[in-house]
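Novice: Here is a sequence with its predicted model. Questions after.
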Amino acid sequence: MKKNNVVDFEKAEKNARLRDFEVEKKKFKQSYNDVSQEQLEEALQVVSRATGKEHYIGTKKSSQSKVRFAQQLQENLGFLNKKKYLTGREKIFLQDIIPYIAFETNCIVLDIKAKNPVPASITEIGELINSSRQNVSAVINSLKRKGIIAKAESGIEGNNAKAYAIFINPHVVYTGDKDNVNEALQVMFRKAMKMPVLRDLPDRLF
């Protein structure tokens, strides 16, 4: 009886492996327009023999992969609107600044296409969005108090005032991978995310 149990177990295990193998084959064919792995390997061998070089499967990079975009977290923005958390002026600023938010760092920069983007000072931000330094400074300080913006000292402006790098809370707008938020950003905004209203945002990235 014990021997039969062992045989049954081995048979069940073998059947399970066969089922897994068939599932993987189906997945492969679905990924490659109904072409089996065997057919694909044969085709690669023919090409390799013809050229004398090894060939591998690759996917051509999409022409859209260079398109830069910022993701607005709709549920969170809707929640903030219902709570009347942001003023009209603050909302306009956040929309105006989107084209200047650097990839992953969420820092407002002079040129998002630059290899090493340079943070924009408050004066420069004003120039980017056609607003005065005074107005930009006021709205930035207001958003900082609300946890939507973080400031980090980055030097001195031309008028000898301290220059700051400005970062946007990724729970509102983010230019990187939402599943892998920049660690520096997490540190900057972790405390802010404990503030009233922000702590209740429906979509949390960290």
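Specialist: Ah, there it is. Numbers count the residues shown, from 1 in each chain.

Novice: Give me the distance between the spatially most central residue of the chain and I112.
Specialist: Closest to where the C-alpha atoms of the chain average out (CA atoms, centre = their mean) is D177, at 1.9 Å. With distances taken as CB to CB, to the nearest Å, D177 is found 16 Å from I112. Every residue, glycine included, has its C-beta placed from N, CA and C.

Novice: and the closest residue to the residue nearest to the centre of the chain other than its chain neighbours, how many neighbours?
Specialist: Closest residue to D177 apart from its sequence neighbours, by CB to CB, 6 or more residues apart in numbering: E104 at 7.7 Å. E104: 16 surrounding residues under other CB atoms under 10 Å.

Novice: thinking E104 is in contact with G176, fair?
Specialist: Yes. Using CB atoms under 8 Å, E104 is in contact with G176, at 3.8 Å.

Novice: where's S154, which helix or strand?
Specialist: Using DSSP states H and E, S154 maps to strand 149-156.

Novice: now what about that strand, what contacts it?
Specialist: 119, 121, 140, 143-144, 162-169, 188-189, 192 (CB atoms under 8 Å, 6 or more residues apart in numbering).

Novice: Out of those, list just those in helices.
Specialist: If you go by DSSP state H, the contacts of strand 149-156 have 140, 143-144, 188-189 in helices.

Novice: number of nearby residues for P119?
Specialist: By other CB under 10 Å, neighbour count at P119 equals 20.

Novice: Report pLDDT for it.
Specialist: At P119, the model reports a pLDDT of 97.

Novice: So what are the structural domains in this protein, by residue number?
Specialist: 2-58, 65-200 (automatic domain parsing).

Novice: returning to what we had before: export the strand holding S154 to CSV, keeping only CA atoms.
Specialist: Provided in CSV are the C-alpha atoms of strand 149-156 (Å, rounded to 0.1, in the frame of the first residue of the first chain):
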residue,chain,number,x,y,z
ILE,A,149,6.2,71.0,-2.1
ALA,A,150,9.6,70.5,-0.5
LYS,A,151,12.6,73.0,-0.6
ALA,A,152,16.3,72.1,-0.4
GLU,A,153,18.9,74.9,-0.3
SER,A,154,21.0,74.8,-3.5
GLY,A,155,23.1,77.9,-3.4
ILE,A,156,22.8,81.7,-3.8
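
Novice: Quick check: phi and psi at Y174.
Specialist: Y174 adopts backbone torsions of phi -140, psi 140, taken as degrees, to the nearest 10.

Novice: ok, back up a step: quickly list what's touching both of E104 and G176.
Specialist: With CB under 8 Å, 6+ apart as the test, E104 and G176 both reach N182.

Novice: rewinding a little: list the backbone torsions phi and psi for the residue nearest to D177.
Specialist: According to degrees, to the nearest 10, E104 has phi 70, psi -40.

Novice: For this protein, which segments are assigned as strands?
Specialist: Remark: strands assigned in the chain by DSSP state E are 71-72, 149-156, 162-168, 173-174.

Novice: Any idea which of these has the lowest pLDDT on average?
Specialist: Among these, strand 149-156 carries the lowest mean pLDDT (a mean of 86).

Novice: Mind listing what's buried along that one?
Specialist: Neighbour counts over strand 149-156 (16 or more other CB atoms under 10 Å) mark 149-151, 154 as buried.

Novice: Cool, thanks, signing off.
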